[in-house]
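Undergrad: Structure for the following, please:
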Amino acid sequence: IRRIVILPALETAGTQLKVAGEPKSPERDPNETLTRLIYQVMSGLPNWQIVSESEAREVSQTITASNEPARLRQLGEAVYADAVLVSPVRRFRERVGDEWGVKSPASVAFALELVDVRRGDVIWSASFDETQKSLSENIFAIADITERGVRWLTAEQLANEGVKKGVAQLHQLIARAAIS
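TA: Next comes the predicted model:
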């Protein structure tokens with residue numbers, strides 16, 4: 001896998017998307033946020049070429065296939081990609097409060113799925129599902145607290161951690177395959 005197109009993030013059925021009391025806008029849309037985070041993380045790593053976000057959006061609007069596998073194949077072929085990265089958002093709830101105290105913590109769940117353009121099947125996937133907890137609620141979160149600091153994250157910050165973890169796994173797999 002050398003060239004990857006990132007499909008703009010999609011809501012899945014039953015998705016819980018809440019951005020505390022704010023109207024949905026492109027800057028605050030959870031799907032747009034996740035897509036932006038994926039682009040930021042993936043484009044900073046070597047061993048693959050990422051189709052530009054503008055090209056992916058432009059081409060995806062011209063796709064006429066009615067079912068998802070055919071849509072992904074058409075998109076991948078149109079931009080000469082080996083694979084399509086799909087990222088269904090299952091939950092994206094913003095914290096209620098600030099970084100020092102919350103009434104309700106941020107909660108994020110999504111998947112990352114790499115689909116082979118030629119075969120049309122998922123060849124790799126990772127999922128992230130976390131609702132931030134205080135140290136007193138989960139003593140095993142000490143490693144996260146050491147990394148994050150003693151503060152409550154926004155949903156975007158929490159999603160960014162999940163994207164970094166998932167993309168790191170994918171990158172390691174692809175880098176290993178390139179060597180062998």
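Undergrad: Heading C-terminal from the lowest-mean-pLDDT helix or strand in the chain, find the next helix or strand.
TA: When the helices and strands of the chain are scored by mean pLDDT, DSSP states H and E, strand 10-18 comes last with a mean of 54. Toward the C-terminus, strand 10-18 is succeeded by helix 30-43 as the next helix or strand (DSSP states H and E).
Undergrad: helices or strands next to whichever helix or strand comes after that following helix in the packing?
TA: Using DSSP H and E, the helix or strand that directly follows helix 30-43 along the chain is strand 49-50. Contact here means 3 or more CB pairs under 8 Å, 6 or more residues apart in numbering; DSSP states H and E; on that basis strand 49-50 packs against strand 3-6, helix 30-43. The way it works is simple: take the backbone N, C-alpha and C, and place the C-beta from them, glycine included.
Undergrad: So what pairs up with S127 in the strands?
TA: Counting by DSSP bridges, S127 forms beta bridges with A111.
Undergrad: number of nearby residues for it?
TA: S127 has 13 neighbours, counted by other CB atoms under 10 Å.
Undergrad: again with the one 4 residues further on
TA: Burial of T131 is recorded as 15 neighbouring residues (other CB under 10 Å).
Undergrad: Quick check: bridge partners of it?
TA: Going by DSSP bridges, T131 is paired in beta bridges with S107.
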